[in-house]
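Asker: With the input below, show me the fold.
(one chain, ligands or ions: 2)
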Amino acid sequence: MITTELNYGDVYLVPKKTVVDSRKECDTSVQFGPRRFDMPIYPSNMKSVVDEETCEAFARLGWFYTMHRFNVDACRFTAAMQEKGLFASISVGVNDDTMQQLAELKAAGLTPEYITLDVANAWCVKAERMIKHIKQQFPGSFLIGGNIATAEAARDLESWGCDAIKAGIAGGRVCITKNKTGFHRPMVSTVKDCAAAVQVPVIADGGIVEHGDMAKALACGASMIMAGSLFAGYDESAGEIVEINGKHYKEYFGSASQFNKGAYVNVEGKKILVEYKGSIGKLLRELKEDLQSSVSYAGGRDLAALKSAAMIQVYR
Ligand SMILES: NC(=O)C1=CN([C@@H]2O[C@H](COP(=O)(O)OP(=O)(O)OC[C@H]3O[C@@H](n4cnc5c(N)ncnc54)[C@H](OP(=O)(O)O)[C@@H]3O)[C@@H](O)[C@H]2O)C=CC1
Ligand SMILES: Nc1nc2c(ncn2[C@@H]2O[C@H](COP(=O)(O)O)[C@@H](O)[C@H]2O)c(=O)[nH]1
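Answerer: Ligands and ions are numbered 1, 2, ... in the order given. Alright, predicted model coming up:
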């Protein structure tokens, strides 16, 4: 049987009566694990999107962040963030280098507030072993596991011990997984299925094109949203600036790209140039204004209103 599945661009939300006098009254904050954050969206844990400065800036602003896991000393990073009075949110993989990093953290007596297990398909035995190991070694950390794209996978990750699950396979802007392997699920279907299947929060990862896609992801049941290309073009983003014919761009590359891996082996990502847009402050302000507006159209005062927003499919 072939089923029809939907992406953010295929749907819209149905407006309700607005109950606030100003969009400023709408609260976009979200409780995620042990902390509350100003907005339910954060930059992808990719080397071309976040570095230590990006993470520090987001934490200081009261936004969530996750450091990437590529050539990063998780122990040093955790200590540095916590010494600054900020929370530490690291990424790990499933191999021996991760076991080593976790052992170093343990020996140093450090507990990152958030740990993200970051692999392309976390519905696998290697991820199961690592999730159980992390839960056993770091019971005080909030563990995010990903990525997965089905209800069955979400239920498994929840049963293995994940405190939150990151959903989204092959929907990212620099993804070539769907071209190279044939596997992908559109984001609306992915997030709806996964969020309905588990009690723990679900993070909708990848595929955010328009600001309104945030509201759509939350209406699908997501508690948080991760985005890469949306955040990649700014001074505060980690990618290099490139000048072509007097115009400035920033490099944005996939974690599974040859550029990130340093070799053409199991490549499932590419490198692109995104428009350079200067300081990120204007984007962050606009994302918040747009989400406040979404909440007002949903007839509420906070993000809970979006959970009950009716969704319609648009035929093109
Ligand atoms: N969200 C998405 O859709 C995707 C995201 N990515 C990102 O790219 C990065 C690289 O991830 P990843 O590809 O997991 O590579 P990693 O190098 O992180 O792989 C981790 C380990 O898992 C093994 N492994 C990876 N994929 C498979 C598989 N399909 N079957 C069996 N074993 C596997 C690898 O072995 P071996 O290499 O020998 O197979 C390796 O030992 C991550 O940051 C990930 O988030 C990548 C693709 C899709
Ligand atoms: N298939 C691949 N997916 C990747 C790779 N590197 C990162 N990602 C995923 O994309 C999102 C960001 O998507 P965007 O649409 O917001 O730009 C990121 O969070 C990862 O889940 C990759 O090399 N291949």
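Asker: now the closest residue to residue 177 other than its chain neighbours, what's its secondary structure?
Answerer: The spatial neighbour of residue 177 that comes closest, neighbours along the chain excluded (Cβ to Cβ, 6 or more residues apart in numbering), is residue 170 at 3.9 Å. In this view, the C-beta of every residue, glycine as well, is placed from N, C-alpha and C. Following DSSP: H, G, I helix; E, B strand; the rest coil, residue 170 is assigned to coil.
Asker: What values do phi and psi take at residue 170?
Answerer: As for residue 170, its main-chain torsions (degrees, to the nearest 10) stand at phi 70, psi 30.
Asker: List the residues that contact it.
Answerer: 177, 178, 181, 183, 184, 185 (Cβ atoms under 8 Å, 6 or more residues apart in numbering).
Asker: From residue 190, how far out is residue 177?
Answerer: 13 Å (Cβ to Cβ, to the nearest Å).
Asker: Give me the common contacts of those two.
Answerer: Counting by Cβ under 8 Å, 6+ apart, the residues touching both residue 177 and residue 190 are residue 169.
Asker: Of these two, which one has the most company?
Answerer: residue 190 (32 against 20; other Cβ atoms under 10 Å).
Asker: Could you count how many residues lie near the nearest residue to residue 191 once chain neighbours are set aside?
Answerer: Computed as Cβ to Cβ, 6+ apart, the closest residue to residue 191 that is not its neighbour in sequence is residue 220, at 3.9 Å. Neighbour count of residue 220, defined by other Cβ under 10 Å: 27.
Asker: Next up, the contacts around residue 220.
Answerer: 187, 188, 191, 192, 195, 204, 311.
Asker: show me the contacts for the fourth one.
Answerer: Residue 192 makes contacts with 220, 221, as judged by Cβ under 8 Å, 6+ apart.
Asker: chain center to stretch 144-164, what's the gap?
Answerer: Relative to its chain's centre, stretch 144-164 lies at 15 Å (Cα atoms, centre = their mean, to the nearest Å).
Asker: What residues sit buried inside that stretch?
Answerer: Neighbour counts over stretch 144-164 (16 or more other Cβ atoms under 10 Å) mark 144-151, 153-154, 156-158, 160-164 as buried.
Asker: With stretch 167-174 instead?
Answerer: 167, 168, 169, 170, 171, 172, 173, 174.
Asker: where exactly do the helices run in this structure?
Answerer: Ranges of helices within the chain are 52-61, 74-83, 96-107, 125-137, 151-160, 177-181, 187-197, 212-219, 258-261, 281-297, 304-307, based on DSSP state H.
Asker: Please name every helix or strand in contact with the fourth one.
Answerer: Packing contacts for helix 125-137, counted by 3 or more Cβ pairs under 8 Å, 6 or more residues apart in numbering; DSSP states H and E, involve helix 96-107, strand 114-118, strand 142-148, helix 151-160.
Asker: Where do the strands of the stretch 201-316 of the chain begin and end?
Answerer: 202-205, 224-227, 241-244, 247-253, 271-275, 311-313 (DSSP state E, counting those that start in this stretch).
Asker: Give the buried residues for the fifth one.
Answerer: To tie it back to what came earlier, the one meant is strand 271-275. 272, 273, 274.
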